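Chemist: Let's see this in three dimensions:
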Amino acid sequence: MTDYAHFDFDATQRGAWDEFTLRLDEVLSVMDSSADLTISVDAPAGVEPRPGIRFSMGEGASVRAFVTGSAAGLPTPEEARLLAELGWTRDDDTTFHAEADQEAVAALAELATRTLSTVFGVVHPVFLEPDQLSEILQGHAPWVPLTPRKLSRKEKAVMPGNRKELDQLVDDELRRAFGHPPLRTIQGDVAIRVGSTMVLCRSTPDAAELVLFSPLVHDVVGRSRACEVLNDLNVESRYGRFALHRDRVFVQLSVPTQPFVPAHLHQALAALSKIADGIDDELATKLGGRTTFGPGPLE
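Modeler: Down below sits the predicted model:
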């Protein structure tokens, strides 16, 4: 099953805003009289003032919030209408504020969240820019640099200058793996027998990638049925893309080669070989076609 099959974007947004609201509540509850906090909406460089909300300490133990609109710092008519509906206090036609006791600023934090997401259309807190405490408000995790380990030969990158150089790198790598020079077809593709099918490897003219592909089923009977089956496979498959070309079913996997990393080629070959030889018999039965070869050992 693909990792994104059960992804719920709306739930992700709600969770992010809930966490932001909680963090803002915590910050406001400990704000002192000498500190202000401004949370602005991310905007292109040169756009000032940016819409947002400024928090400061009011008289006694209260926290006050003031809205900066998107029309040169003032709310647009639509923003003013929405602010009033949310419960902001209108001081005049252009100024809105809200206030809460510092011991109970949760409602103020919730109001700020609803304002930023609804009035100013911010889809996620990541698009906000606090003028301070951004690590706390945005929940940045501390990053500890990793100590690099020495790379093996297969993990080291090489930059091929053209298609000929890339093909030579592939041949050298496969010769190491199989103990003999790889077989190339008339078209120049590397051909590897894997059980009842073939895996082929083709470099692109610009040397930007290697395209690995395998013909799984030949002489497919029903194209409509095949398209439905392959669409389901594409949703489920982690590696490889399935496609119907005329009466043949292929699976394909691409490997970027700028730079070329031998380990990536080996990983792709292993993944595609496992897919191809593991599913071609079942697909042939399901789609009314035949495999490339009959069952046989890996050659």
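
Chemist: So in that sheet, which strands flank the helix or strand where Val249 lies, and in what orientation?
Modeler: Val249 belongs to strand 248-256 when elements are defined using DSSP states H and E. When sheet partners are counted by DSSP bridges, strand 248-256 sits next to strand 209-217 (antiparallel), strand 241-245 (antiparallel).

Chemist: Name the stretch among these that sits most buried.
Modeler: Counting by mean count of other C-beta atoms under 10 Å, strand 209-217 has the highest mean neighbour count of those, with a mean of 22. C-betas here are computed from N, CA, C, even on glycine.

Chemist: Rounded mean pLDDT for it, please.
Modeler: Strand 209-217 comes out with an average pLDDT of 94.

Chemist: so how far is the helix or strand following it from its chain's centroid?
Modeler: Using DSSP H and E, the next helix or strand after strand 209-217 towards the C-terminus is helix 223-236. Distance of helix 223-236 from the chain centroid (C-alpha atoms, centre = their mean, to the nearest Å) equals 24 Å.

Chemist: Show the contacting residues for Pro49.
Modeler: 68, 72-73 (C-beta atoms under 8 Å, 6 or more residues apart in numbering).

Chemist: next one: Ala112
Modeler: Neighbours of Ala112 in contact, by C-beta under 8 Å, 6+ apart: 21, 24, 39, 53, 55, 65.

Chemist: Let's see the pLDDT reported for the fifth one.
Modeler: Okay, so that is Phe55. Predicted confidence (pLDDT) for Phe55: 94.

Chemist: Then the last one?
Modeler: At Ala65, the predicted lDDT confidence score is 94.

Chemist: what's around it, how many residues?
Modeler: Here the number of neighbours of Ala65 (other C-beta atoms under 10 Å) works out to 25.

Chemist: Can I take it that it is in a strand?
Modeler: Yes: counting by DSSP: H, G, I helix; E, B strand; the rest coil, Ala65 is located in a strand.

Chemist: Determine how far the lengthiest helix in the chain lies from the middle of the whole chain.
Modeler: For the chain, the longest helix by residue count, based on DSSP state H, is helix 262-287. Relative to its parent chain, helix 262-287 has a centroid offset of 25 Å by C-alpha atoms, centre = their mean.

Chemist: before we move on, back to that, would you turn the strands paired with strand 248-256 into JSON lines with distance to Glu173?
Modeler: Output for these, formatted as JSON lines (distance: least, C-beta to C-beta, whole Å):
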{"stretch": "strand 209-217", "distance to Glu173": "11"}
{"stretch": "strand 241-245", "distance to Glu173": "23"}
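
Chemist: Residues touching the helix or strand of the chain with the lowest mean pLDDT, excluding its own?
Modeler: Every helix and strand in the chain was compared by mean pLDDT, DSSP states H and E; the lowest is helix 134-137, with a mean of 74. Helix 134-137 is contacted from outside by 20, 23-24, 26-27, 39, 125, 128, 130, 140, using C-beta under 8 Å, 6+ apart.

Chemist: Pull the contacting residues for the nearest residue to Leu174 once chain neighbours are set aside.
Modeler: Spatially, and ignoring its direct neighbours in sequence, Leu174 is nearest to Pro182 (4.2 Å; C-beta to C-beta, 6 or more residues apart in numbering). Pro182 makes contact with 170-171, 174-175, 190-192 under the criterion C-beta under 8 Å, 6+ apart.

Chemist: Give me the below-cutoff pLDDT ranges for the stretch 1-150 of the chain.
Modeler: 1-7, 44-47, 93, 139-142 (pLDDT under 70).

Chemist: rerun that using 80 as the cut-off
Modeler: 1-9, 33-35, 43-48, 58-60, 92-94, 133-143 (pLDDT under 80).

Chemist: Run through the strands of it in chain order.
Modeler: For the stretch 1-150 of the chain, applying DSSP state E, counting those that start in this stretch gives strands covering 36-41, 52-57, 62-68, 89-90, 96-101, 128-130.
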